[in-house]
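Enquirer: okay, here's the prediction I keep looking at, along with the sequence it came from:
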Amino acid sequence: MNEMSKLFPAFLLSDRNGRAVAEGFYAGMKLMREKVQESLRLMTDVNAMPEWRLDEMAWELGILYDYNADVEAKRRWIAKATPLFSYLGTPKAIYDFLEGYFDSVQLEESWDYGGEPFHFRVTVTGEWNEKNAAWVEKAVAAAKNVRSVLDEVSVGGYEKMSVEMNGEMAAQLRAPLCGELLSGQWPEM
């Protein structure tokens, strides 16, 4: 009751009815404080937010966001929303937007594959469907640099191989991407 004595005057606490009213107010304020603290945690902690709040935050922040994505992808996008604005136009931004949909994402700049300057291509591994295809187009358009040009999106893997002869590097090759040399399957967009 010492906490109550700090909040209410002594004359009110000395009266039986006044004390009952004070205890009722105190219990109500305690309950309200707990509810406010819990609500603030749900509104500020991305890992504790319900899905509806994640959707609401995406609208408030005005970020690229897919309302039909799984909850963990939504949490990543909301958590990275502020830093993401600082590196829009870089390959990292493209990685961050696409990682929620695919198992892995690789981006090759023009000098990696002999393309024209400011061109790039993206290779993803994982499930490919119409929804994911639409997300790739939307995410890359929003995240890429304005002057950059997306040459192609491939579904499959990307690995570099090297061939050594007599202990020296004889050749360095990359495995063909989907759509190249009839390897894999090119998704229809």
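Expert: Arrived safely, thanks for sending.
Enquirer: what's the longest helix in the protein?
Expert: Longest helix in the chain, counting residues (DSSP state H): helix 16-44.
Enquirer: from the chain's centre, how far out does the very next helix or strand once past it sit?
Expert: Once the chain leaves helix 16-44, the next helix or strand it forms, by DSSP states H and E, is helix 51-61. Distance of helix 51-61 from its chain centroid, counting by C-alpha atoms, centre = their mean, to the nearest Å, is 12 Å.
Enquirer: against which helices or strands is helix 51-61 packed?
Expert: Packed against helix 51-61, as judged by 3 or more C-beta pairs under 8 Å, 6 or more residues apart in numbering; DSSP states H and E, are the following elements: helix 71-79, helix 81-86. All C-beta spots, glycine's among them, are computed from the backbone N, C-alpha and C.
Enquirer: what helices and strands are in contact with the longest helix of the chain?
Expert: Contacts defined by 3+ C-beta pairs under 8 Å, 6+ apart place helix 16-44 against helix 2-7, helix 10-14.
Enquirer: list the buried ones in the shortest one?
Expert: Just to be clear, that refers to helix 10-14. Taking 16 or more other C-beta atoms under 10 Å as the neighbour-count basis, helix 10-14 is seen to contain the buried residues L13.
Enquirer: check stretch 17-33 too.
Expert: A22.
Enquirer: give me the contacts around that stretch.
Expert: Contacts of stretch 17-33 from elsewhere in the structure, counted by C-beta atoms under 8 Å, 6 or more residues apart in numbering, are 3-4, 7-8, 11-13.
Enquirer: ok, K30 to S5 distance?
Expert: Using C-beta to C-beta, to the nearest Å, we find K30 at a distance of 15 Å from S5.
Enquirer: now the residue nearest to the spatial centre of the chain. Nearest residue, chain neighbours left out?
Expert: With distances taken as C-alpha atoms, centre = their mean, the chain has W77 as the residue nearest its mean C-alpha position (2.2 Å). The shortest distance from W77 to any non-neighbouring residue, by C-beta to C-beta, 6 or more residues apart in numbering, is to Y65 (5.7 Å).
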